[in-house]
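Engineer: Using only what follows, build the 3D model:
(2 chains)
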Amino acid sequence: MKKLSIVMLVLLFSFSFVFANGTTETAPAAEPVVEEVKPAGTTEVVWWTYFGKANVSYLQKIIDAYNASQTDYHVTIEYQGSQAEMIAKIQSTRSEDLPALFNCAIENIGMLIPADYCIEAQTFLDKDKEGWPELDKTYAAFRSAYSDKEGNLVGYPNGVSYPTIYYNKNLLAKAGIDPMTLTSTEEVYAACKKLVSEGYCTYGIGFHPDGGYYFNASLAREAVLAFDNTDGYTGDITKCLYTDGGKVQESVTKYLEFYKKLYSEKLAVAYGSNYSSEIIPLLASGDCAMMMGVISMTTKVLTGVAGNFEVGVIPCPSVTPEGKRGGEPSGGTGLFIANNGDKWEMQGGYEFMKFCSKGEWAGYFASATGYLAPNTDAYNSEVYQNYMTNTFPAISVVYDSLAKSDDSAKMPLCAISSTIKAANKLAIETVANEPTDASIAQAIQTAQATIQDAIDLYNLSNN
Amino acid sequence: MISDRNKKMLNKTLFYVLMLVLGLIFIFPLIVGFLFSIHTETELSQIPLKLFTPNPTLENYAKVFQSVPIFHYLKNTLIVCVIAIIAQVVISSLAAYGFVFFKFPLKGFLWTIILATMMVPGEVVVITNYVTIQNMGLVNTYPGLFLTSLISGTSIFMMRQYYMQLPKEFKEAAILDGCNDFQFLGRIAIPLSIPTISALAIYQFVHIYNAYFWPLLVTNKDKWRTIQVGISYLVTGDVEEYGKILAAAMVALLPTMLAFIFGQDYIIKGMVSGGIKG
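Structural biologist: Numbers count the residues shown, from 1 in each chain, chains lettered A, B, ... in the order given. Model (predicted):
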């Protein structure tokens, strides 16, 4: 009976594959379309997003304006859960059922491009006879972040975030610290030490716990390429260089030493604390002087502080004072065209992407949400200038830095970016919990092994 | 010297005090959730965080009702729950009856299959189920939402455990009185199993009501969203508004709390009969 049961189970599982009849294969890359004449009628362009209701309501205003401005396309936005959930949904949805547009964090898009879930915006840009003036006015750091290894445009920022340090201006002034001198982790550590040891506050700094992202950003700021093939921009990544015995290892070690020193001397809020319910309240109460986060946290920070003191921001620090600091590492959310096989839907997605980048609308969204303006038109728009003047004047520091930025601050572009971020985060957690030199060495070894395994596995199964 | 009567009173009082304290401990997260839901967002960003606000406000509740169609989400959830629960009760009662009272080929093997489905975590099959639902063209439909909840191994198992306790003499007597199997099931077995069916219904209600990932996968449009997906819609990127989220959670909790309050006796009876005697 047992044998029979086993045989039947095996047969059942085998048949389930036959009956499931599902396919997650994506359609072949679509042909560029602009030369053809669009059929009459309005094409529905669906946009999947992980933005919640508040941001969707701002985006809806842009959508309404676009839908009213022409009759060829009609855009509809649909919420699809968190980013991870939305990516999982994209990966398991039949290509013909995919939307035309979707949001994705730029550091995660590498997971979708190689599998053809996403079609590069460059395909449409090449055929665009009207041109895209806002693209040329996009900050170099952002445009670079949204380009692939051949320099082709992948998507366009639709909520540019940016690693930064928020600080209590009054507290730093009282301690005699010039925030503009905090350009590297070493200087940030020295400031924390002064603030705490001289009794200005309990904690010098608190960290948004998405540490893997800040790890990548600081290395990018240092102009350190931690992976071969120029971090994936000149070919597929095949090696993680954390233990190369040279510049990368030195930078990674120094970066982790920053955490070691902070946590061994109890200068920082416990690593892993929730930024929203723990660190921002500490910042607001004056118990913590600084918080490393992203610029889209501005609304939350300003709400928490409630005008009790002036809040300032410092652009992302490099690892060492000698760090290149040429480019600004970019993050946040972008708008991408999903490869759903319907050329007119995708064309509509591209047209809407262009519309979103117009100064008036990109400036409006940035001012409503706290994200950065992606281009100079948006920055100069009336609505954004009002935001800068009346809501958050301190943000001008970021734009000063962006204006000087080149396109050299690159974060790895690859399909295993989530593994890289998770391994980096674990390395920081390890050192924060056990702040010793031994733990730094161990953390680097573990991160290197984890990432290398993921690279090897990915390349083995895809090449 | 304490008299027996006073001793009894004291014991009773101590027992109730202990029960009250335990009850408060269990319900404390809900109380905290409610109290914070009537704070302003600025108060929730302060340290020290105060449990009681001097200026309680319902603005978070107002924002929730203005932001999302929460009653529409509740309606969708309840439709899915009702259809799925009715289907589960009917199908599991019939299946369990068959397994207990009939002899048929491969009975042991089929029972093994049913038990095996209980050992497979839902997450493992969620994507294949989604692909199947897509192939059936049921995305953005009520059937897409409830189809995978119409039957479960757990329900059949619960009902089978109950029917196994029914004395065989009941059925023999019913047959002698002229009942066929459907009549025995409808007139005797099911009425006797009301506590188990109620426990099953409440258990499944909570399970389906709290489902998040499946409704998110099989629906794209607001029209078809359920309550848990609706609540997640209130979270926006790096700006978490706890007051609003807690207010929505409080509203969403009401149906499940009511289900527990009114069905707690059945849950206990059902679990005891299925668990201990089964």
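Engineer: tell me the pLDDT at B:T141?
Structural biologist: On the pLDDT scale, B:T141 is placed at 96.
Engineer: C-alpha coordinates for stretch A:134-143, PDB please?
Structural biologist: Output of stretch A:134-143 as PDB, limited to C-alpha atoms (Å, rounded to 0.1, in the frame of the first residue of the first chain):
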ATOM      1  CA  GLU A 134      14.000  67.300 -20.100                       C
ATOM      2  CA  LEU A 135      16.400  64.400 -20.500                       C
ATOM      3  CA  ASP A 136      19.200  66.700 -21.400                       C
ATOM      4  CA  LYS A 137      18.500  68.800 -18.300                       C
ATOM      5  CA  THR A 138      18.500  65.700 -16.000                       C
ATOM      6  CA  TYR A 139      21.300  65.800 -13.400                       C
ATOM      7  CA  ALA A 140      24.200  63.800 -14.600                       C
ATOM      8  CA  ALA A 141      24.300  61.600 -11.600                       C
ATOM      9  CA  PHE A 142      20.700  60.600 -12.100                       C
ATOM     10  CA  ARG A 143      20.900  60.100 -15.800                       C
END
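Engineer: buried set for it?
Structural biologist: Within stretch A:134-143, the residues that count as buried by 16 or more other Cβ atoms under 10 Å in any protein chain shown are A:E134, A:L135, A:K137, A:T138, A:Y139, A:A140, A:A141, A:F142, A:R143. No exception for glycine: its C-beta is placed from N, CA and C like everyone else's.
Engineer: biggest helix in chain B, by residue count?
Structural biologist: What stands out as the longest helix in chain B, according to DSSP state H, is helix B:4-37.
Engineer: Show me what it is packed against.
Structural biologist: On a contact count with 3 or more Cβ pairs under 8 Å, 6 or more residues apart in numbering or on different chains; DSSP states H and E, helix B:4-37 meets helix B:242-272.
Engineer: Contacts only, for B:F213.
Structural biologist: By Cβ atoms under 8 Å, 6 or more residues apart in numbering or on different chains, B:F213 lies in contact with A:G81, A:E85, B:E123, B:V126.
Engineer: B:A248 now?
Structural biologist: By Cβ under 8 Å, 6+ apart, the contact list for B:A248 reads B:V64, B:V68, B:I70, B:G230, B:I231, B:L234.
Engineer: run the last query once more with 6 Å
Structural biologist: The contact partners of B:A248, by Cβ atoms under 6 Å, 6 or more residues apart in numbering or on different chains, come to B:V64, B:I231, B:L234.
Engineer: Name the SS class of the last one, please.
Structural biologist: The reference is to B:L234. coil (DSSP: H, G, I helix; E, B strand; the rest coil).
Engineer: Identify each buried residue in stretch A:405-421, please.
Structural biologist: Buried-residue list, stretch A:405-421, by 16+ other Cβ under 10 Å: A:405, A:407-421.
Engineer: And the pLDDT for the closest residue to A:T183 other than its chain neighbours?
Structural biologist: Distances taken as Cβ to Cβ, 6 or more residues apart in numbering or on different chains place A:P317 nearest to A:T183, at 5.7 Å, with adjacent residues excluded. pLDDT for A:P317: 87.
Engineer: number of nearby residues for B:T53?
Structural biologist: By other Cβ atoms under 10 Å in any protein chain shown, the residues close to B:T53 number 14.
Engineer: do the same with A:N308
Structural biologist: 13.
Engineer: give me the element it is part of.
Structural biologist: Following DSSP states H and E, there is no helix or strand that holds A:N308.
Engineer: now the buried residues of stretch A:134-143 as TSV including distance to B:T256?
Structural biologist: As requested, the buried residues of stretch A:134-143 are exported to TSV (distance: Cβ to Cβ, whole Å):
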residue	distance to B:T256
A:E134	49
A:L135	50
A:K137	52
A:T138	49
A:Y139	49
A:A140	53
A:A141	48
A:F142	45
A:R143	49
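Engineer: Now narrow those residues to whatever sits close to chain B.
Structural biologist: Among these, no residue is within reach of chain B (Cβ under 6 Å from any Cβ of the partner chain).
Engineer: Can you check the pLDDT for residue 117?
Structural biologist: In the absence of a named chain, chain A is used. For A:Y117, the model assigns a pLDDT of 89.
Engineer: To clarify, I was referring to chain B.
Structural biologist: On pLDDT, B:T117 comes in at 90.
Engineer: Then A:A29?
Structural biologist: Note for A:A29: predicted pLDDT of 54.
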